[in-house]
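Visitor: Next come a sequence and a model predicted from it.
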Amino acid sequence: MLTGKQKRYLRSLAHHLEPIFQVGKGGTNEQLVRHINEAIEKRELMKISVLNNCIEDKHDIAAELAESTGSELVQVIGSTIILYKESKDHKTIELP
């Protein structure tokens, strides 16, 4: 579980990142979760964009992605989801 200070730090790091994945009208699926899991293991911090044509609520998608990838939900702002997961092999982010 991330503290408020850690979430603020991660939000500042994520500010300059571009979204890597997009969730569209199909919502989340097994393939998307697998790709996100692989990418977050290498990057530790990532942004995911939720498109306007997505039927599901962005907060529900964020919670589902965080649970299925084993990551922490940092923030949902606008149509962007920020996830963090500490990497086992490629640890690059030191949390305060």
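Guide: The structure has been received and is ready for your questions.

Visitor: and the gap between K88 and V74?
Guide: 19 Å (Cβ to Cβ, to the nearest Å). Where you see a C-beta, it was placed from the backbone N, CA and C, and this is true even at glycine.

Visitor: So if I had to pick from these two, which one is more boxed in?
Guide: V74 (24 against 7; other Cβ atoms under 10 Å).

Visitor: mind saving the C-alpha coords of the host helix or strand of the more buried one as CSV?
Guide: Assessed by DSSP states H and E, V74 sits inside strand 72-77. The C-alpha atoms that make up strand 72-77 are tabulated as CSV, following Å, rounded to 0.1, in the frame of the first residue of the first chain:
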residue,chain,number,x,y,z
GLU,A,72,-0.9,-0.2,-7.2
LEU,A,73,-3.3,2.4,-8.5
VAL,A,74,-1.6,5.8,-8.1
GLN,A,75,-4.2,8.1,-9.7
VAL,A,76,-7.1,8.3,-12.1
ILE,A,77,-7.2,11.8,-13.6
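
Visitor: ok, the most centrally placed residue in the chain - contacts?
Guide: With distances taken as Cα atoms, centre = their mean, L83 lies nearest the centre of the chain, 2.5 Å away. Neighbouring residues of L83 by Cβ atoms under 8 Å, 6 or more residues apart in numbering: 36, 40, 45-46, 48, 62, 65-66, 69, 71-74.

Visitor: ranges for the strands of this protein?
Guide: Counting by DSSP state E, residue ranges of the strands within the chain are 21-23, 45-50, 72-77, 80-84.

Visitor: I'd like these laid out as CSV, including mean pLDDT and distance to K5.
Guide: CSV is the format used below for the strands of the chain (pLDDT from 0 to 100; distance: least, Cβ to Cβ, whole Å):
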stretch, mean pLDDT, distance to K5
strand 21-23, 96, 27
strand 45-50, 97, 16
strand 72-77, 97, 12
strand 80-84, 98, 13
